[in-house]
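J.: mind looking at a prediction? Sequence and model below.
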Amino acid sequence: MYWRLLQLEFKNFIRNPQFGANLAMKILMFFGMAYFSAIFAALPFILYFFAKKKLHADPILLFSKYFIYYWAFDLLIRYFMQQMPTQNIKPFLTLGITKKKLVNYTLLKILFNFFNWGNLLFLLPFAGLLIFDGGYPVIQVILFTIGIFAIFYFNNFLNILLNGKDIVVISVFGLMAIFGALEYYKIIELSQYSQKIFYSFYQYPGAFLLPVILAILVAYLAYQEIYKNFYLDKGLELKVAEGKTENIAFLNRYGVMGTFINNDIRLLKRSKAAKSAVIMSIFFLFYGLLTFSKGYENSFMQLFTGIFVTGGFMLMFGQRVPSWDSSYYPLMMTQNVPYKQYLKAKWALIVMAIFISIILSSAYLLISWEFYLTVLAAGLYNLGVNSYITLLAGAFNKKPIDLNSKAKSFGAGGNNFNMKIMLLLLPQMILPMGVFAVAKYFFGIYPAVGSLAILGIIGFILRDKVFDIIVKVYKTEKYSTLEAFKKV
């Protein structure tokens, strides 16, 4: 039965109207997995020989000391990126297939997710180095490896139980960030407790069973959670809540555009999908911490970082216009909707978010005055150029968004890949990096910032002309977008 279900999913993939885009995304995902696989495979050698040659420390102790921070990071990444493979299960709920088999099939797919087996690419070479180069006891190393691997499966099933509970995951990650800061200033050293807990898997026989038992327990609870909600009239139902009227009065003075902005603010407050976009855009603010890494010391990479720091909301929200309105977009197109005002409302939200990000990113002054100027330059370019390009890319994004479904359980899934969107990344990323690097090389940091500021100001001044072009593109793509939204 499971093989048959897998065959049906494959047929659904190759017969999908968006087969080309889905195939391209699968290829990109393959290269992404290959890239991270190479990193995972290289890390054990770096850790082992760094501990041995540079620190003259026990590699297992060093690994155990900081593993708790990686545990929190792994949980956060899984929560926002690991999707439950249930997008294609809906049709089977009405057929004569037992619910138990469908749930078992779902869990089997989860077990073989890259987020789980990918960790073996680190753990197995690390164990091999410990045994063959370090002469560590074979049995103890194997038990330690099993205990650590069980923790990743614990995270895997905990991720299912935490589905839709953004505040819990963010609180855990925030708590770890606070402990990390306290450790940096040597106030509270959480790593010492981490070392004692995880090193015990190696040190004490039977200690590795604790994470194994916890993983099994959480797996059982996750199974029960999925099984309990595996009904058409429960797991897929819309939540009924008391309706509330919200209105930001001062926006009414901006006429139709103010009305659209009001609607988008309601969307961001009420929709789980939109809330996730806002939360992820907040995490983009921390992307600049990569400047501590050696590879981010040059102007190109710093500006690349600055674009993400100030453009998180732009990238997460802007490129999914008009998909945010996909549930009522066909109805809206039957009305006399002023397209230009509709798009300007989205643009106004993006501009406000970029402006707020520029202010908040002033914290990077603590790192470097020059780096903050780079971030400022990227923000100005985002304001006057990239904000338009992102909206333009949205015209080619025809993947609808189910605002009422849970984030990772029974959502519509899919991807937003499109070759035209990829081509639009060139002026978004490469052009500002080239302009900034050349200006900085010949004239210095201040003219480099000024050059991007001038581009941003010119773009802002020409906004009406630019919007005329964007509106034409949206109108050209209007009927294909409507057709795509109706297929859900």
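T.: Noted; the coordinates are in hand. Numbers count the residues shown, from 1 in each chain.

J.: for the chain, which helix is longest?
T.: helix 19-49 (DSSP state H).

J.: which other helices and strands does that one contact?
T.: helix 59-81, helix 120-128 (3 or more Cβ pairs under 8 Å, 6 or more residues apart in numbering; DSSP states H and E). Heads up, the C-betas are built off the backbone N, CA and C, glycines and all.

J.: A378: which of the ones you listed is closest?
T.: helix 59-81 (23.3 Å; Cβ to Cβ).

J.: who's in contact with the closest one?
T.: 47-48, 51-52, 55, 115, 126, 129-130, 134, 136, 144, 148, 151-152, 155-156, 158-159, 162, 169, 172-173, 175-176, 180, 190-195, 197-199, 202, 276, 279-280, 408 (Cβ atoms under 8 Å, 6 or more residues apart in numbering).

J.: got the angle for that helix vs helix 19-49?
T.: Relative orientation of helix 59-81 versus helix 19-49 (axes from the mean of the first three to the mean of the last three Cα atoms, to 10 degrees): 160 degrees.

J.: any idea of the mean pLDDT in helix 59-81?
T.: Regarding helix 59-81, the rounded mean pLDDT is 86.

J.: pull out the buried residues from that helix.
T.: 59-60, 62-69, 71-72, 74-76, 78-80 (16 or more other Cβ atoms under 10 Å).

J.: check which helix or strand Q192 maps to.
T.: helix 190-203 (DSSP states H and E).

J.: pull the helix or strand following that helix out as CSV, backbone CA atoms only.
T.: Once the chain leaves helix 190-203, the next helix or strand it forms, by DSSP H and E, is helix 209-228. The C-alpha trace of helix 209-228 is given here as CSV (Å, rounded to 0.1, in the frame of the first residue of the first chain):
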residue,chain,number,x,y,z
LEU,A,209,18.7,5.4,26.4
LEU,A,210,17.3,8.7,27.9
PRO,A,211,17.1,10.5,24.5
VAL,A,212,16.0,7.3,22.8
ILE,A,213,13.1,6.9,25.2
LEU,A,214,12.2,10.6,24.9
ALA,A,215,12.2,10.4,21.1
ILE,A,216,9.9,7.3,21.2
LEU,A,217,7.6,9.0,23.7
VAL,A,218,7.4,12.2,21.6
ALA,A,219,6.9,10.1,18.4
TYR,A,220,4.0,8.4,20.0
LEU,A,221,2.4,11.7,21.0
ALA,A,222,3.0,13.1,17.5
TYR,A,223,1.4,10.0,16.0
GLN,A,224,-1.7,10.5,18.3
GLU,A,225,-1.8,14.2,17.4
ILE,A,226,-1.8,13.5,13.6
TYR,A,227,-4.3,10.6,14.0
LYS,A,228,-6.6,12.7,16.1
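
J.: buried residues in helix 209-228?
T.: Buried residues in helix 209-228 (16+ other Cβ under 10 Å): 211-212, 214-215, 218-219, 222-223, 225-227.
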